[in-house]
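Student: Following is a predicted model, sequence given first.
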Amino acid sequence: MLVVALCSVLCLGTLEDFILGKEEAVARLAASYKELQENRCATRVCNCSVSACGTEFEGFGCDTTSKRCSGDSCGGAVASMEHTVVRVAMRSDTTSRELVNDICATEAMLDTFRQNRVANDVDAWQYVAHKTGTLRMHPAIPQERSNRRCSDYDPRTRPWYAAAASGSKDVVLLIDRSGSMVTKHNYITGETRLEAVKRAVNAVLDTLTNTDFVSVVSFSDNAETLYGSSMLQADASNVARLKDAVGGLGTGGSTMMSPGFTEAFDLLRRGKGTEATTKCSKVILFLTDGFATDSAAAVLDAIKRGQDSLGAGDPVKIFTYSMGKDADGELPKRIACENNGVWTRIVDGGDPLVSMSSFYNYLAVGIHAGKARWTTPYEDAFGLGEMVTVTSGVYDTTGSVPLLIGVAGIDVKMSELIVYNGYEAAVSSLIQRSKVCPVLNTSECDLQILREAAGGACPSPAVPVSSCPKQADAECFTGFSFNNAMCQDLNTELVSTIPAEAAKGTRDVACCQCSSSGSSSDSNTVVIVVVVVIVTVVVVAMIVVYCCVCKKKPRSSPDQPFPEPSAPPKPGDL
């Protein structure tokens, strides 16, 4: 951090230049990913990819500057600049041709990752995430795990993915807390419908950033806003408060839907003309497991009055979810169809997290362009301090309807940003750059195609799907299977499960230079301290030369070997 600070002062760089450099790097990453994806069906070679959930990491080195394994009495962490690794979300379908094609296509991303490190001084994590739940990242490090299972990580539910896909937005989550929500949703785990919804709502909250505004409303006999009386900026403190409020929800009463919609629209109306709004897209996520106690006419009238109260302009988009096979699908579907939304049925035992947190995929269809967006600062799990992520949505434009492929992202240490004008100025600058409203160009055909995939296209007067231009087949067959792409036999039902015969913990796989004891002799401690002091003095003395001479030249050419990372970035809380 000291080196970065002194370099910034001596070289007289600006925060704007630094930010533009990182945005240029993520644009290069997105362009490369887009090209590889659009040519995925022509792929005839699928080189082996390294699974982050594997047990052997041949050719990886030991990064002795990393703090990842410092608590395990280890001197370093296993990492490689010469490889990338692939993570696959536990909910991903590994039999999907689209998923396999993504793994095969992105194996060629290594050169772009390397180029970014040279041309744009990228020192932290880089990755591309696909809509099927795969993530390819660089530098390469093993995935965290217990003795029997790798940790699950779904990039599609992370703030950096949602920010790139949907841009700034106002979101109201409207959830049913009637007595029937105590019904078992998953008979294997014993999870009730409300418990499953709470988990899903928390996941949606986790996808938001401080450029979004959010609130949560629950309804049964009446409706209530769970925290506060207005829309809240989705910063870390407000998200934590909302999660606490959601956690305290109980069940009981009937299913009066119209008071819930009235309260949701009142929140959005009160934010209009104040600071409690993004002034961008407004979205209501409505979830119920039953039939309306009040009439359908009353519910639809409440929605119409709410839309009218917001005046002309972009109307609120309402995404509806019927939970359970016996839940009403007719009214929720009609609500979505009449309000530029999408209806989905969440079957018993199904995961509402995927359905509810993927609403931004529908917003993404109308954006088409991959503007760089920045996340809220977060704490790095490997001791690198606070981080932010700059991301860009990637779209397939070969078909009649531009579709979201995935997201490209690059991590940036806050210590690199704050040396210019301080912490508040850095965060403020990132927020201002990211809260620009995306221009939505969603056509009726766009929505109808997505509706059909989610649960059913809307009836007349909506445009029939048969009249819409056909999309190219995204799941072209290239002859490769998941295990072909990974060049090893992985459990394709639970890709985060480690074979019993190869069971190892994180320390066994991800750490190196480990000792049985974390203690050191006093003499060794003294020697280490002396060496550190001497090295520090020498480094500080050479900073001027480094900053004002070396920093003006490329660190290395693309053909030269890359240095090992100063500390491998984390994948666990990207």
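Tutor: Now that the structure is in, tell me what you want to look at.
Student: And residue 91, how close does it get to residue 355?
Tutor: Residue 91 is 11 Å from residue 355, where distance means CB to CB, to the nearest Å. (C-beta placed from N, C-alpha, C; glycine too.)
Student: When the two are compared, which one has more neighbours?
Tutor: residue 355 (21 against 16; other CB atoms under 10 Å).
Student: in what helix or strand does that one lie?
Tutor: Secondary structure from DSSP states H and E places residue 355 in helix 352-357.
Student: Report all helices and strands that that helix contacts.
Tutor: Judged by 3 or more CB pairs under 8 Å, 6 or more residues apart in numbering; DSSP states H and E, helix 352-357 is in contact with helix 193-206, strand 281-288, strand 317-323, strand 343-346.
Student: in its sheet, what does the second one sit against?
Tutor: When sheet partners are counted by DSSP bridges, strand 281-288 sits next to strand 169-176 (parallel), strand 317-323 (parallel).
Student: can you redo these as TSV with mean neighbour count?
Tutor: Output for the strands paired with strand 281-288, formatted as TSV (neighbours: other CB atoms under 10 Å):
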stretch	mean neighbour count
strand 169-176	25
strand 317-323	26
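Student: Let's have the ones you listed in JSON lines, adding distance to residue 284 and mean pLDDT.
Tutor: Shown next, in JSON lines, are these (distance: least, CB to CB, whole Å; pLDDT from 0 to 100):
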{"stretch": "strand 169-176", "distance to residue 284": "5", "mean pLDDT": "95"}
{"stretch": "strand 317-323", "distance to residue 284": "5", "mean pLDDT": "92"}
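Student: Reformat these as a markdown table; add distance to residue 405.
Tutor: Formatted as a markdown table, these follow (distance: least, CB to CB, whole Å):
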| stretch | distance to residue 405 |
| --- | --- |
| strand 169-176 | 21 |
| strand 317-323 | 21 |
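Student: For residue 252, which of those is the nearest?
Tutor: Smallest distance to residue 252 across those (CB to CB): 11.4 Å, for strand 169-176.
Student: CA-only coordinates of that closest one in PDB, if you can.
Tutor: Provided in PDB are the C-alpha atoms of strand 169-176 (Å, rounded to 0.1, in the frame of the first residue of the first chain):
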ATOM      1  CA  LYS A 169     -32.900   0.100 -10.300                       C
ATOM      2  CA  ASP A 170     -35.500   0.500  -7.600                       C
ATOM      3  CA  VAL A 171     -36.700  -2.900  -6.300                       C
ATOM      4  CA  VAL A 172     -39.600  -3.700  -4.000                       C
ATOM      5  CA  LEU A 173     -39.800  -7.400  -2.900                       C
ATOM      6  CA  LEU A 174     -43.500  -8.200  -2.100                       C
ATOM      7  CA  ILE A 175     -43.800 -11.500  -0.300                       C
ATOM      8  CA  ASP A 176     -46.700 -13.600   0.900                       C
END
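Student: Centre of the chain to the helix holding residue 355, how far?
Tutor: 13 Å (CA atoms, centre = their mean, to the nearest Å).
Student: immediately after it, which helix or strand?
Tutor: Following helix 352-357 in sequence, per DSSP H and E, is helix 359-365.
Student: Tell me the buried residues in stretch 138-147?
Tutor: 138, 139, 140, 141, 142, 143, 144, 145 (16 or more other CB atoms under 10 Å).
Student: Please apply the same query to stretch 30-38.
Tutor: 30, 32, 33, 34, 36, 37, 38.
Student: what do you get for stretch 68-79?
Tutor: Buried, per 16+ other CB under 10 Å, within stretch 68-79: 68, 69, 72, 73, 74, 76, 77, 78, 79.
Student: do stretch 424-442 as well
Tutor: The neighbour-count check on stretch 424-442 (16+ other CB under 10 Å) flags 426, 427, 429, 430, 431, 433, 434, 435, 438, 440, 442 as buried.
Student: Which parts of the stretch 101-250 of the chain are strands?
Tutor: 126-130, 134-138, 169-176, 184-186, 191-192, 213-219, 223-225, 232-233 (DSSP state E, counting those that start in this stretch).
Student: tell me the angle the third one makes with helix 193-206.
Tutor: If you take axes from the mean of the first three to the mean of the last three CA atoms, to 10 degrees, strand 169-176 sits at 170 degrees to helix 193-206.
Student: which residues sit against strand 169-176?
Tutor: 197, 201, 204, 208, 212-220, 231, 249, 255, 260-261, 264, 267-268, 271, 277-278, 280-290, 323, 360, 363 (CB atoms under 8 Å, 6 or more residues apart in numbering).
Student: From the chain's centre, how far out is stretch 111-127? Work that out for me.
Tutor: Distance, centroid of stretch 111-127 to centroid of chain: 20 Å (CA atoms, centre = their mean).
Student: start to end distance for it?
Tutor: 13 Å (CA to CA, to the nearest Å).
Student: do the same with stretch 228-248
Tutor: Start-to-end, stretch 228-248 (CA to CA) is 15 Å.
Student: Buried residues in that stretch, which are they?
Tutor: 230, 231, 232, 233, 234, 235, 238, 239, 242, 243, 245, 246.
Student: Looking at those, spot the one nearest residue 404.
Tutor: The closest of the buried residues of stretch 228-248, once distances to residue 404 are taken by CB to CB, is residue 234, at 21.0 Å.
Student: need the contact list for the closest residue to that closest one other than its chain neighbours.
Tutor: Nearest residue to residue 234 in three dimensions, chain neighbours excluded: residue 208, at 3.7 Å (CB to CB, 6 or more residues apart in numbering). Contact analysis of residue 208 by CB under 8 Å, 6+ apart lists 159, 162, 171, 214, 234, 239.
Student: Can you give me the distance of the spatially most central residue of the chain to residue 287?
Tutor: Centre of the chain computed as the mean C-alpha position; nearest residue by CA atoms, centre = their mean is residue 158, 2.5 Å away. As judged by CB to CB, residue 158 and residue 287 stand 21 Å apart.
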